[in-house]
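Chemist: here is my input; please provide its structure:
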Amino acid sequence: MAAFSTSPPSPSFCFTSIPVKIRFWIFLLLIGINDYLPIADSSTLGVEYISRLLEIQDRERAPPSLQISAAYAAVSRLIPSHASSFQFNIVTKEFCGGESCFKLSNYPAVNHSGSPEIVISGTTGVEILSGLHWYLKYWCGAHISWSKTGGSQLSSVPESGSLPRIQDSGITMKRPTPWSYYQNAVSSSYTFAWWDWERWEKEIDWMALQGINLPLAFTGQEAIWQKVFQKFNISGLDLSDFFGGPGFLAWSRMGNLHGWGGPLPQSWLDQQLVIQKKILTRMYELGMNPVLPAFSGNVPAALKSVYPSAKITRLGNWFTVSSDTRWCCTYLLDATDPLFVEIGKAFITQQFKEYGRTSHIYNCDTFDENTPPDDDPEYISSLAAAIFRGMESGDDNAIWLMQGWLFTDDPFWRPAQMKALLHSVPLGKMVVLDLYAEVKPVWATSEQFYGIPYIWCMLHNFAGNIEMYGIVNSVGSGPVDARLSTNSTMVGVGMSMEGIEQNPIVYDLMSEMAFREDKVDIKTWIDTYAQRRYGGFVPSIQEAWSILYHTLYNCTDGLNDKNRDVIMYFPDVDPNSIVTSPLQVSPAKHHSYSNHQSLRRTIYELRSDSYTHPHLWYSTSEVIHALKLFIASGDYLSDSNTYKYDLVDLTRQALAKYANQLFFKVVEAYQLGDVSLVKQLSAKFLSLVEDLDSLLACHEGFLLGPWLESAKELAQNEEQKKQFEWNARTQITMWFDNTEEEASLLRDYGNKYWSGLVQDYYGPRAAIYFKYLIQSLENGDGFQLQEWRKEWIKLTNDWQSSTNVFPTKSTRGDALNVSRLLYEKYLKD
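Modeler: The predicted model follows:
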């Protein structure tokens, strides 16, 4: 590949200038020779357990002609100039030795302009598009990413009629395990909340290109529930307090809250159902296996009145300030009550009626966020068996897909309790998502989930926070270790992030693991990634990415990367309680999801008088040096949108950590009683916040405006616009409830480095805190913590209810010039 070049790229540089034979051997080096040679059956025990479902899914898949048409349509959207350059074929698994695969080969003869040049055969439309992506990557040096993270780099792809040839024998890539899973139960709110069909269509294309064939499909389920509960004499009015608002549906679906941000307008219910039907249609057309929701036991309060003898219990408080029953303490129907199976069956049946088909895989997480009231294994087994009966009664071929986060997060689940849950259904009828396997793999400590099939997942991101972070060595080796382990029950790989559109390198690598037999040579892979990402070889960029690999993308401390940078997660504590040097903080202060405290995927610190230093796992000086190299590369790459995104992101990362250090200097000056220095340093901090906002405004991937405007665009009237915008603003600031003097425990969990949010909210909040620091020193009294809180909470609630408009396009100058200026101002030695 272009890694052999040693000079800056010329305008005519192209990956394809390297001879085909050399490209082929580099390709084999990258993927491992075994990926090219014939591969023996790699099935695990887990694959054997789910083999019957795989057969059913193959039999019920969309006709080959429909899958091929859907694949061609995706190519026309991705690279329309090359729509006729590829010939697509659907082949059977027998063609691939019984596995799912794609094969790349040359078209027999190219006789005229517009003729196909490359033949891509695959077992489904997903495999075809995965093969296309692989070809564009490793023969054309291209890169495909989300639009917000720079979009796709396709400038390196030669013109139609001049595509690189493949060696005569072709290339076959098999899936080592059958499934590639995608999404998290909360992604639907942190990322997808305001998507229209146009955005969903782009995402489904992206999924197929990444090899994803097992995506969650949760959109629009409230409309299904409305119809189901009507059959149980629950009115639309009764449901108005049951569903959360459009920005908080993930948590109302899990039974964490009710009513917050609502009520949902009927137009929203109808609109989302229409979108869901389009989503499912496209997924099925491409040969995917969408995962539908199942009944978990979460019911509206009115059901207790309609069925007074039913075993319905009220759950405890979920992070409201004072157990406010307007929002908290939802109702759970006991799975052993006969009504549970009735409702479960009705929900599955109604979905089939609405959608016309199913993949027979249903997600249900009754015990995620809700610990059973009794740890008796027999009781747990009876609960789980009843939950599954609710699915199976509506679909004889149902399989229960369960997030395994509870086994990482909740100490309740000891071996006996885990076994009782996992063994409560017939073998092969449950699949567990090892949700956080790149950091805390449960498969390795539970005898492969005690014999139950599981999917190795990368969680990576919490709440859609923006932080350059990853554990690429684990991603490139963990799935292989799991699959090759003794008595492996692994049946797939997955990406289970809470929010997307960040760290494209991590998702590019993780998606490849769906087709990789062997561990990845990460250093070599990253060298080629940098070339594909920007369309050429630039020595300084290669050096910079080598540094980023060993720093930002090599977090090995085992802690969760929940972004707690001071700018976005401003300390709500008395400054005298803050330890200004992270070196003085005991390891216990760096919170991870500990065994003694269930943090329920929502917050890291619950106490308003505690403070956790931001996570830092790398040398900031090395990252600043990488930024210097990035800036130096701008002469060659300034026109590249992928480069601009990465430059802004890296500059943001460096400035954010500098801001943390600057804040601690402010606090240290306060603790020393130096009011003059506090004024000087706090002014510098606020200036930095303004500069950071200007930097973020240089790229559309870091803007607040699109989030708010997409929310308003789904509204049908002015009242809905206000409601939806309030939902959007609240989710990324403080939720859920607060009093005038007590902040919500969920403040800043969904924080974002977005231009507009930084200057309009984070900056003014910091200014209030600094004002009280200075007043404290000038008046000679203690820090007025309650007064600070009142003013901060008022600022927050006012901001949530405001309707000022923010740009949806980049408006503030050139990313390279701004980055260079801020580097010189704050970071240069």
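
Chemist: isn't Ile312 up against Leu332?
Modeler: Yes - when contacts are counted by Cβ atoms under 8 Å, Ile312 is listed as touching Leu332 (7.0 Å). For every residue, glycine as well, the C-beta is placed using N, CA and C.

Chemist: who touches both of those two?
Modeler: Here Ile312 and Leu332 share the contacting residues Val299, scored by Cβ atoms under 8 Å, 6 or more residues apart in numbering.

Chemist: so where is this structure shaky, pLDDT-wise?
Modeler: 1-42, 110-113, 582-610 (pLDDT under 70).

Chemist: by residue count, which helix of it is the longest?
Modeler: Ranked by residue count and defined by DSSP state H, the top helix of the chain is helix 641-671.

Chemist: buried set for that one?
Modeler: Using 16 or more other Cβ atoms under 10 Å as the test for burial, helix 641-671 gives 641-660, 662-670.

Chemist: export stretch 460-468 as CSV, just CAs?
Modeler: This file holds the C-alpha atoms of stretch 460-468, laid out as CSV (Å, rounded to 0.1, in the frame of the first residue of the first chain):
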residue,chain,number,x,y,z
HIS,A,460,-16.6,2.2,24.1
ASN,A,461,-18.9,5.2,24.5
PHE,A,462,-21.1,6.5,27.3
ALA,A,463,-23.9,9.0,26.6
GLY,A,464,-22.5,10.1,23.3
ASN,A,465,-19.8,12.1,25.1
ILE,A,466,-17.0,13.4,22.8
GLU,A,467,-13.6,12.2,23.8
MET,A,468,-10.7,10.8,21.8
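
Chemist: please enumerate the helices of the stretch 651-800 of the chain.
Modeler: In the stretch 651-800 of the chain, the helices defined using DSSP state H, counting those that start in this stretch lie at 675-696, 705-713, 718-731, 757, 763-779, 785-801.

Chemist: show me what the first one is packed against.
Modeler: Using 3 or more Cβ pairs under 8 Å, 6 or more residues apart in numbering; DSSP states H and E as the contact criterion, the elements in contact with helix 675-696 are helix 641-671, helix 763-779, helix 815-822.

Chemist: any idea how far apart the tips of stretch 253-270 sit?
Modeler: Stretch 253-270 has an end-to-end distance of 18 Å (criterion: Cα to Cα, to the nearest Å).

Chemist: count the neighbours of Phe243 for me.
Modeler: 25 (other Cβ atoms under 10 Å).

Chemist: check whether Lys227 really touches Thr349, as I assumed.
Modeler: No - taking contacts as Cβ under 8 Å, Lys227 lies outside contact range of Thr349: 10.5 Å.

Chemist: closest to Met568 out of the helices and strands packed on helix 675-696?
Modeler: helix 641-671 (8.2 Å; Cβ to Cβ).

Chemist: returning to what we had before: would a markdown table of the helices and strands packed on helix 675-696 with distance to Asn465 be doable?
Modeler: Output for the helices and strands packed on helix 675-696, formatted as a markdown table (distance: least, Cβ to Cβ, whole Å):
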| stretch | distance to Asn465 |
| --- | --- |
| helix 641-671 | 11 |
| helix 763-779 | 17 |
| helix 815-822 | 21 |
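
Chemist: these: which one's closest to Phe685?
Modeler: Using Cβ to Cβ, the helices and strands packed on helix 675-696 put helix 641-671 closest to Phe685, at 5.2 Å.

Chemist: what packs against the closest one?
Modeler: Using 3+ Cβ pairs under 8 Å, 6+ apart: helix 641-671 touches helix 522-534, helix 620-632, helix 634-637, helix 675-696, helix 763-779, helix 815-822.

Chemist: where's it relative to the chain centroid, distance-wise?
Modeler: Computed by Cα atoms, centre = their mean, to the nearest Å, the separation of helix 641-671 from the middle of its chain amounts to 23 Å.

Chemist: report the inter-axis angle for that helix versus helix 522-534.
Modeler: Relative orientation of helix 641-671 versus helix 522-534 (axes from the mean of the first three to the mean of the last three Cα atoms, to 10 degrees): 110 degrees.

Chemist: okay, the angle between helix 641-671 and helix 815-822?
Modeler: 20 degrees.

Chemist: identify the residues contacting Leu136.
Modeler: Taking Cβ under 8 Å, 6+ apart, one finds 79, 142, 144, 154, 157 in contact with Leu136.

Chemist: for Pro164, see how far away the last one is.
Modeler: Right, Val157. 9 Å (Cβ to Cβ, to the nearest Å).

Chemist: quick one on the thing from earlier: can you pick out the most distant pair from the contacts of Leu136?
Modeler: Ile144 and Val157 (11.0 Å).

Chemist: who's more crowded, those two?
Modeler: Looking at Ile144 and Val157 with other Cβ under 10 Å, you find the greater number of neighbours at Val157, namely 25 against 22.

Chemist: how far does stretch 232-249 stretch from start to finish?
Modeler: First-to-last distance for stretch 232-249 - Cα to Cα - comes to 22 Å.

Chemist: and it, which residues are buried?
Modeler: 232, 234, 238-239, 242-249.

Chemist: those in helices, which ones?
Modeler: Those of the buried residues of stretch 232-249 lying in helices (DSSP H): 238-239, 249.

Chemist: reformat these as a markdown table; add distance to Thr620.
Modeler: Listed next are those as a markdown table, based on distance: Cβ to Cβ, whole Å:
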| residue | distance to Thr620 |
| --- | --- |
| Asp238 | 54 |
| Leu239 | 50 |
| Leu249 | 38 |
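
Chemist: I'd like to know which of these is nearest to Trp792.
Modeler: For these, the nearest to Trp792 is Leu249 (27.7 Å; Cβ to Cβ).

Chemist: tell me which element the closest residue to the closest one other than its chain neighbours falls in.
Modeler: Computed as Cβ to Cβ, 6 or more residues apart in numbering, the closest residue to Leu249 that is not its neighbour in sequence is Ser189, at 5.8 Å. Using DSSP states H and E, Ser189 sits in helix 187-190.

Chemist: contacts for that helix?
Modeler: Residues contacting helix 187-190 (Cβ under 8 Å, 6+ apart): 216, 218-219, 247-251, 463-464, 497-500, 731, 750.

Chemist: same thing with stretch 498-505?
Modeler: 145-146, 148-150, 184, 186-187, 190-191, 459-470, 472, 507, 526, 529, 533, 553, 601, 701.

Chemist: restricted to helices, list these.
Modeler: Using DSSP H, the contacts of stretch 498-505 in helices are 187, 190, 472, 507, 526, 529, 533.
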